[in-house]
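K.L.:
model this:
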Amino acid sequence: MKVFQIGFGRCGTNSLCAFFSQNGYKSVHWGGAEHPKAKILAKNHKEGKLYCHGHDDIVFWSDIGYLQRNFQAFAEQYPEAKFIYNIRNLDNWIKSKEIHRRRQPNSHDIRQKKFFNLEPNEIPSKLFWKAHWVLHRNSINEYFDGKRACRLLVFDIEKDGGQKIADFLPELEFKNLSFPHKNATKDKFI
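P.N.:
Next up, the predicted model:
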């Protein structure tokens, strides 16, 4: 079984990965473009193989931009897979991104804006982030409509806990339902 996380970073991606790991499921969390798993997905795609070819032991895939942008293709390749769309209050997400950007100025913005064929200074970051959030949410809602709805869990990291994941994934066994809060923003604004 594969479970793919398709929400944005700064929405509990590390915590979700830790939750699956603490319950004994092999999980991978994005480590940047040079992460070995990032290269594997792209290589497999280029070679016409299933995205996760050679990594059948990994159950949970987290914070992978390529996966977030192409979730529909992953859903088609893995018809039994389920997807977790991790969210939080939009204003809190923006604040967390601002704090995170202070630590890594503009690195994510430049890559993301390039993906949308935008110049780095063409649109203010906050406005870009909000638009990207809304577009991504709408594409997820469109795709997981009707008969596909049972494959999607919308998980609000500010409100939901481990039990919601366990209920969504009866195929898996979760013994530790405590939901960890890893890599939480240090600045308290909530």
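K.L.:
Okay, strands next: where are they in this structure?
P.N.:
Shown for the chain, the strands assigned by DSSP state E span residues 3-5, 27-29, 60-62, 82-87, 152-156.
K.L.:
Dump these to TSV, plus mean pLDDT and mean neighbour count.
P.N.:
C-beta: built from backbone N, CA, C; applies to glycine. TSV is the format used below for these (pLDDT from 0 to 100; neighbours: other Cβ atoms under 10 Å):
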stretch	mean pLDDT	mean neighbour count
strand 3-5	97	25
strand 27-29	91	21
strand 60-62	94	26
strand 82-87	96	22
strand 152-156	97	19
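K.L.:
For residue 137, find the nearest of those strands.
P.N.:
The minimum distance between residue 137 and the strands of the chain falls on strand 82-87, with 7.8 Å, by Cβ to Cβ.
K.L.:
For that closest one, which strands pair with it and how are they oriented?
P.N.:
If you go by DSSP bridges, strand 82-87 pairs up with strand 3-5 (parallel), strand 152-156 (parallel).
K.L.:
from the middle of its chain, how far away would it be?
P.N.:
7 Å (Cα atoms, centre = their mean, to the nearest Å).
K.L.:
Send me it as CSV with only the CA atoms.
P.N.:
Output of strand 82-87 as CSV, limited to C-alpha atoms (Å, rounded to 0.1, in the frame of the first residue of the first chain):
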residue,chain,number,x,y,z
LYS,A,82,-4.6,6.8,-0.8
PHE,A,83,-3.7,10.5,-0.4
ILE,A,84,-3.5,12.9,2.5
TYR,A,85,-4.0,16.5,1.7
ASN,A,86,-2.5,18.2,4.8
ILE,A,87,-3.8,21.7,5.4
